[in-house]
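Chemist: Just to be clear, the model below is a prediction. Sequence and coordinates:
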Amino acid sequence: MSEKLLRVGTSYIPVSNVELSSEWYVKKLGADLSYKDEDKAILNLANQSIFLVKSIERQTSNFIDIYGVERFSLTFEVNGLNALETLHKDFVENEIRVEEIENRGHTGMNFVFYDIDGNKFDVWSELSPVFKEKYLMSK
């Protein structure tokens with residue numbers, strides 16, 4: 001196989017109300033709305049295309065692991081601990097449901113937040129080395 005997967009281009013997130021959810025993502029997370037109809041909205045967020053897809057009530061992208069723990073399906077990255085702490089404070093001030101910043105035993109710190117439908121997301125304080133190199137970011 002000579003071709004390789006290069007990146008994740010689009011993520012799909014189930015939502016109960018496309019209008020309310022797209023407004024939430026734009027207002028609370030700073031996403032750019034590029035398209036919306038009654039069944040879906042397309043957002044640009046964190047260098048990725050995010051589709052908010054109208055789904056049945058209480059459907060989320062979360063899953064339960066073998067230990068019975070609810071897990072998130074996406075982790076966002078920020079550039080360092082200061083950025084993580086600032087974002088966490090901003091999310092709290094903007095009344096986004098967030099958990100505490102935690103050390104999970106690996107490089108960097110994390111926190112979890114939720115959208116208005118209960119989709120669970122992670123934020124990590126460490127940018128991937130490939131992303132840093134590609135966008136010429138310093139440590």
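Modeler: Perfect, thanks for sending it.

Chemist: list the contacts for residue 25?
Modeler: Neighbour list for residue 25: 31, 33, 41, 43, 45, 50, 52, 115 [criterion: CB atoms under 8 Å, 6 or more residues apart in numbering]. For every residue, glycine as well, the C-beta is placed using N, CA and C.

Chemist: Am I right that it is in a helix?
Modeler: Yes. Secondary structure assignment places residue 25 in a helix (DSSP: H, G, I helix; E, B strand; the rest coil).

Chemist: Tell me, how many residues neighbour residue 119?
Modeler: By other CB atoms under 10 Å, 20 other residues sit near residue 119.

Chemist: got a list of what residue 115 touches?
Modeler: 13, 15, 21, 24-25, 121.

Chemist: returning to what we had before: would you turn the contacts of residue 25 into TSV with secondary structure and distance to residue 85?
Modeler: Shown next, in TSV, are the contacts of residue 25 (DSSP: H, G, I helix; E, B strand; the rest coil; distance: CB to CB, whole Å):
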residue	secondary structure	distance to residue 85
31	coil	22
33	strand	28
41	strand	30
43	strand	25
45	strand	21
50	strand	24
52	strand	28
115	coil	21
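
Chemist: with the residues you listed in mind, which one is nearest to residue 71?
Modeler: Distance from residue 71 was checked for each of those by CB to CB. The minimum falls on residue 115, at 15.4 Å.

Chemist: Let me see the domain layout of this structure.
Modeler: The chain breaks down into these domains under automatic domain parsing: 10-56, 71-139.
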